[in-house]
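>>> Sequence plus predicted model, see below.
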Amino acid sequence: MGVTSTAGVEFVGNLMRYAEVEHNGSANRLLRLGNCEFEFDVADVIYQGQSPEMIETIRSALKDVFKDTAASSFRFILPSAFLTKFESVLPEHVGQSEMRSQIAFETHMLNGGERGGDIFPGESLTSFHPPFKGYSVQHVPPSISAGLKGLYTETSLDIQLIPSVNATIRAYRKLFEMKVFESGKSILLGCYPGQTDFIVLENGAPVQLTSRSTPTEGDRTYFAHETMAKLEEKGVELDAVMLYGHNLTSELVGLLTTDFGKRVSVLNPSPLVNLESDRFEQGFPIQAFVPCLGASIS
């Protein structure tokens, strides 16, 4: 296929976080990584439609950051807080077209009759007895979908949207394949404004996904305990607690370390693109780039 590159972009708080990765076979080489800071809450503009006059400012910043890009694909990260999530159960024999049509109908009904947006169906993590099969569905409303796709208007580019948890799982799975981790069973906590994603994985594959409203660090800690306690009731003992995201704080690291000891660590995605830790200034939040890099790698 030759050399290609993909850009991953995430809006959170007053930041646009971005990465661009070149793919040459199975090798990934970092082309750019950074933050663009705004004087307003860019996430509120993108996801909640506030201050629409700022859209042109965001579009201009995006164009400036990627003015010399070689990317053929852009992937915008979708935060869990703005996705509708549900389980759909269908007969096993249903084909792809019929499956997508049925899930689109269910999405339409769950969203009060609103049409459009993007639907992301994946295989359910819950087991169903034959002849049925389950699907875990995520849906982003049309206002957000159209807004993101309209931010970068280069017609030659493939513009895609990817849920944050999906991008994170891509990053973790690649790191696991690279044998960066010794652990086979892990829980990842994705820390965002007022929200935490809890992703349980075994040997690189997700086995449980939940998102919780977490206004405080105490809430994040509480739901981490709850998730792990329920797993232990099923005989599942986790080997690692890994933390990432825009709102990861030293307070949370301390709280969880007190409770879970050496199992707690901050997820470092640097090996995905062969970056050494000393390439960054002290305090650089590389853990916040997990979704961006996960979206960008091959």
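That came through fine. Residues are numbered from 1 along each chain as shown.

>>> From here on, just use CA atoms for contacts and neighbour counts.
Will do.

>>> residues contacting the closest residue to G134 other than its chain neighbours?
With Cα to Cα, 6 or more residues apart in numbering as the criterion, G134 has its nearest non-adjacent residue at 4.4 Å, and that residue is V89. Counting by Cα atoms under 8 Å, 6 or more residues apart in numbering, V89 makes contact with F132, K133, G134, Y135.

>>> Look at the second one and give its secondary structure.
Think K133. strand (DSSP: H, G, I helix; E, B strand; the rest coil).

>>> now the contacts of V89 in a markdown table, with neighbour count and distance to R263?
Shown next, in a markdown table, are these (neighbours: other Cα atoms under 10 Å; distance: Cα to Cα, whole Å):
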| residue | neighbour count | distance to R263 |
| --- | --- | --- |
| F132 | 13 | 38 |
| K133 | 18 | 35 |
| G134 | 20 | 32 |
| Y135 | 19 | 32 |
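
>>> Format these as JSON lines; extra columns: distance to G25 and pLDDT.
Shown next, in JSON lines, are those (distance: Cα to Cα, whole Å; pLDDT from 0 to 100):
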{"residue": "F132", "distance to G25": "38", "pLDDT": "91"}
{"residue": "K133", "distance to G25": "34", "pLDDT": "90"}
{"residue": "G134", "distance to G25": "33", "pLDDT": "91"}
{"residue": "Y135", "distance to G25": "31", "pLDDT": "92"}
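
>>> Closest to L148 out of the residues you listed?
Nearest to L148 among the contacts of V89, counting by Cα to Cα, is Y135 at 25.4 Å.

>>> Nearest to the spatial middle of the chain, which residue is it?
A centroid search over the chain (Cα atoms, centre = their mean) returns S164, at 1.6 Å, as the residue closest to the centre.

>>> Could you report the separation of it from E114?
Per Cα to Cα, to the nearest Å, S164 is found 23 Å from E114.

>>> Just the strands from the chain, written as ranges.
Taking DSSP state E to define them, one finds strands in the chain at 3-12, 15-24, 27-37, 73-78, 84-91, 118-123, 132-140, 158-163, 185-192, 195-202, 205-213, 240-244, 264-266.

>>> Distance to R173 added to these, as TSV?
Shown next, in TSV, are those (distance: least, Cα to Cα, whole Å):
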stretch	distance to R173
strand 3-12	17
strand 15-24	17
strand 27-37	15
strand 73-78	18
strand 84-91	22
strand 118-123	16
strand 132-140	19
strand 158-163	16
strand 185-192	11
strand 195-202	9
strand 205-213	7
strand 240-244	13
strand 264-266	16
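
>>> residues near K234, how many?
Here the number of neighbours of K234 (other Cα atoms under 10 Å) works out to 9.

>>> actually T168, not the one I typed
Residues lying near T168 (other Cα under 10 Å) number 24.

>>> same question, the one 5 residues further on
By the other Cα under 10 Å criterion, the neighbourhood of R173 contains 18 residues.

>>> how about the nearest residue to it, chain neighbours excluded?
G204 (4.6 Å).

>>> How about the contacts made by the one you found?
I169, Y172, R173, K174, F176, E177, G184.

>>> In helices, which of those residues appear?
Among the contacts of G204, the residues falling in helices (DSSP state H) are I169, Y172, R173, K174, F176, E177.

>>> Mind putting the contacts of V89 into TSV with distance to L110?
Listed next are those as TSV, based on distance: Cα to Cα, whole Å:
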residue	distance to L110
F132	21
K133	20
G134	17
Y135	15
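
>>> quick one: which of those is nearest E10?
Nearest to E10, judged by Cα to Cα, of those is Y135 at 25.8 Å.

>>> Name whatever forms a beta bridge with the closest one.
S88, E123 (DSSP bridges).

>>> do you know how far it is from V200?
17 Å.

>>> likewise V3?
Distance, V3 to V200, by Cα to Cα: 33 Å.
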